[in-house]
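Visitor: here is my input; please provide its structure:
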Amino acid sequence: MRALKRYDRRGFTLVELMIVVAIIGVLAALAIFGVRRYLASAKTSEAKNTVGAISRGASAAYERESAASEILGEGTASAAPTRALCASAAAVPAAIAQVQNTKYQPRNGENQDFETGDSVSGWKCLKFSMTQPIYYMYDYNANGGYTSVAAGAPDPGAAGFEAVAQGDLDADSVLSTFSRNGSINATSRELNIATQVFIGNEFE
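Guide: Residues are numbered from 1 along each chain as shown. Down below sits the predicted model:
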């Protein structure tokens, strides 16, 4: 009878405790990894959504027809309306170092950051602006000077555009690139936009 009582009061062995601690450690590591991946995905969503919005702005600007103001004489015809991409915009912020493991607050003053350009060039032509802090450097280039092609994005050619975001979330100097590019068809003069956002080194 005494032997049975002593057995009932027996505690956990060292091996059992070590197994429990190991299981808890594995679960904690998985949880930390999951949270980090979730936070990184939330940050990259900003780039994907913004690049999409910039490309839509470029497409809408191209669809706008412009015609010269003319006074026509009798029996004469006006010049044909034209369509053109917005000319390139300045990157915001100006240097990638301003978004390395940090956020950048765009300036909202006239002729600053997303408030630069005019009716035929820059962010004003695209009718695009951001006022909240951003994790990425955003750029729009038309008819050359593309930065995303070197990262593997489709080349828009001499008559096209790129809407691109670049970031360095962990400040290791390895850049992530998100872009949506478009090209003008030489025959139909229609603007063809890439089917998907190009993603290079998403979580870099």
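
Visitor: could you find the closest non-adjacent residue to Gly167?
Guide: Nearest residue to Gly167, sequence neighbours excluded (CB to CB, 6 or more residues apart in numbering): Tyr136, at 4.1 Å. For every residue, glycine as well, the C-beta is placed using N, CA and C.

Visitor: for Ile184, grab phi and psi.
Guide: When read as degrees, to the nearest 10, the backbone of Ile184 gives phi -90, psi 130.

Visitor: for it, which non-adjacent residue is closest in space?
Guide: The nearest residue in space to Ile184 (CB to CB, 6+ apart) is Ala159, at 4.3 Å.

Visitor: look up how far Asn143 lies from the one you found.
Guide: 6 Å (CB to CB, to the nearest Å).

Visitor: one more: Ala95?
Guide: Distance, Ala95 to Asn143, by CB to CB: 24 Å.

Visitor: the two - which one has more neighbours?
Guide: Asn143 (16 against 10; other CB atoms under 10 Å).

Visitor: isn't the more buried one right up against Ala158?
Guide: Yes - with contact defined as CB atoms under 8 Å, Asn143 reaches Ala158; the gap is 6.3 Å.

Visitor: the longest helix in this structure is where?
Guide: In the chain, assigned by DSSP state H, the helix with the most residues is helix 14-63.

Visitor: just checking, what packs against it?
Guide: Here helix 14-63 touches helix 122-126, strand 137-142, strand 160-167, strand 176-184, strand 191-193, going by 3 or more CB pairs under 8 Å, 6 or more residues apart in numbering; DSSP states H and E.

Visitor: so what pLDDT did the residue lying closest to Gly122 once chain neighbours are set aside get?
Guide: Leaving aside its chain neighbours, Gly122 sits nearest to Ala89 (4.3 Å; criterion: CB to CB, 6+ apart). What the model reports for Ala89 is a pLDDT of 97.

Visitor: need the contact list for Ala89.
Guide: By CB atoms under 8 Å, 6 or more residues apart in numbering, the contact set of Ala89 is 116-117, 121-123, 125-126, 139-141.

Visitor: what count of nearby residues applies to the closest residue in space to Lys48 that isn't next to it in sequence?
Guide: Nearest non-adjacent residue to Lys48, counting by CB to CB, 6+ apart: Val197, 5.4 Å away. Residues within reach of Val197, counting by other CB under 10 Å, total 18.
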